[in-house]
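Engineer: need coordinates for the following:
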Amino acid sequence: MSMEKLLREIAAIPGVTGSCVFDRHRGPLCRDLDSPLTAEMFRDVGMHLVRLVQMGGMCGLSVRSSHFRFDRYTVVGIPLDNGAILMTICETQANCSLIATTAGMLVADMCDNLAGRGGETGPEPENDAAPTSGQESETDAAGTDLEMEGYLRDIEQALAGAIGPVAEVVMQDFLEKWRANGPVIPARLSELAAMLAEEIGDEELASEFRSRIQDII
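Structural biologist: Down below sits the predicted model:
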């Protein structure tokens, strides 16, 4: 059964307005949605679900499903493969347990379908750009830039000081985007810092984060 047909099967469940496969790298892959969410809200909720699954994995817990009840709608999330999430948008008082159970019966078919798409949810392109300075950076036996690794550890620690343990998950998400947009060099650390500060959202916490890393960038 095609992914589109699988999503329509879920959309036919009472209380469901639509469903979508959300990938942490590429955003929505397939959708059958009549949703009140804007594109930005859809991305934000999708990333929250992805991070919830990641945090569960860090604690040795396997998340089977989760749901968020908002004032205008409910979102049910079920993990798939390769960092993808099945997002189902429902009416506010929908029976989330019924929806998760019914949708869960189709997860195996969805994972097979994703695997058959030839790596559509595959890893981000590798960045082979070299440092711009005339002198090569110090590396270890695996070729890791030790100077940059130190800077990134310091930034993650500063982020943790502002938002707590979830900093590790947030840092990894934004590192992937940052690395995909250019060379991994100290001159671009301010760009990464700006992305993280914007993600924090709370201006007081963002200001605290910036003050912690002012000597790095």
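Engineer: please, where are all the strands along the chain?
Structural biologist: 16-23, 27-32, 66-69, 74-79, 84-90 (DSSP state E).
Engineer: please pull out the lowest mean pLDDT helix or strand from the chain.
Structural biologist: strand 27-32 (a mean of 75; mean pLDDT, DSSP states H and E).
Engineer: show me what counts as buried in that strand.
Structural biologist: L29, C30, R31, D32 (16 or more other CB atoms under 10 Å). Where you see a C-beta, it was placed from the backbone N, CA and C, and this is true even at glycine.
Engineer: picking that back up, let's have the strands of the chain in CSV, adding distance to G201.
Structural biologist: Below are the strands of the chain laid out as CSV (distance: least, CB to CB, whole Å):
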stretch, distance to G201
strand 16-23, 20
strand 27-32, 20
strand 66-69, 17
strand 74-79, 19
strand 84-90, 21
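Engineer: so which of those comes closest to E203?
Structural biologist: strand 66-69 (24.4 Å; CB to CB).
Engineer: picking up where we left off before, who wins for proximity to W178 among the strands of the chain?
Structural biologist: strand 27-32 (17.1 Å).
Engineer: paired strands for the closest one, with orientation please.
Structural biologist: Its sheet considered, strand 27-32 pairs with strand 16-23 (antiparallel) by DSSP bridges.
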